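A.B. asks: Next input, structure requested:
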Amino acid sequence: MEKFIVLHGALPDDLDTWVKYRKGLCDTCNAVCCTMPAEVRVRDLVRMGVVDEFDLDTDLKQLAKRLQKQGIIEHFNFRYGIFTLARRTSGDCSFLDTKTRRCTVYENRPDTCRKHPETLGPRLGYCPYSQVRVAPKPYKD
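C.D. replies: Model prediction:
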């Protein structure tokens, strides 16, 4: 069995462990932000291809019931018109590829994901970076 080490790992619930965001940081990250609840609006769902344009005129409660049944969302806040995307039992966003740890709808991702962490999130300018796990090099004499 191959063992892995984590070179740096922030805790999503502990903002003090988050690192200052910089361009390119996502390239070596294990997609920790994709384990956090993602709140989206109906326009995001249209962009993602989850619902059609005509669903913009649909009663949001009915739409939310349908999307919950389909396993696309896990919660709907009627007061603010905000849907929370469903996550797997591992906590990963259902749109995150389990092998590559990359977003499967990246080009059409919701605004929440587009703006995090620079202009949106619990600690602006910081992210819960956790370096991709790498196999340690074998010891050689």
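A.B. asks: quick one: buried residues of stretch 101-111?
C.D. replies: Within stretch 101-111, the residues scored as buried using 16 or more other CB atoms under 10 Å are 103, 105, 109-111. (Glycine included, C-beta is placed from N, CA and C.)
A.B. asks: from those residues, which single one is nearest Arg88?
C.D. replies: Cys103 (13.9 Å; CB to CB).
A.B. asks: so what's the backbone phi/psi at that closest one?
C.D. replies: Cys103 adopts backbone torsions of phi -70, psi 130, taken as degrees, to the nearest 10.
A.B. asks: which ones are touching it?
C.D. replies: By CB atoms under 8 Å, 6 or more residues apart in numbering, Cys103 lies in contact with 31, 34, 93, 95-97, 109, 113.
A.B. asks: Skipping its backbone neighbours, what lies nearest Ser130 in space?
C.D. replies: Nearest residue to Ser130 in three dimensions, chain neighbours excluded: Gly9, at 4.2 Å (CB to CB, 6 or more residues apart in numbering).
A.B. asks: Tell me the predicted confidence for that neighbour.
C.D. replies: As predicted, Gly9 sits at a pLDDT of 74.
A.B. asks: Quick check: it touching Val132?
C.D. replies: No. The criterion here is CB atoms under 8 Å, and Gly9 misses it with Val132 at 10.6 Å.
A.B. asks: rewinding a little: adding distance to Asn77, write the buried residues of stretch 101-111 out as TSV.
C.D. replies: Shown next, in TSV, are the buried residues of stretch 101-111 (distance: CB to CB, whole Å):
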residue	distance to Asn77
Cys103	23
Val105	22
Arg109	20
Pro110	15
Asp111	16
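A.B. asks: Just the residues you listed: which are in helices?
C.D. replies: Asp111 (DSSP state H).
A.B. asks: Minimum pLDDT in the contacts of Cys103, which residue is that?
C.D. replies: Lowest pLDDT among the contacts of Cys103: Ala31, with 89.
A.B. asks: coming back round to it: please tell me how far the residue nearest to Ser130 sits from Tyr126.
C.D. replies: As for Gly9, its distance to Tyr126 is 14 Å (criterion: CB to CB, to the nearest Å).
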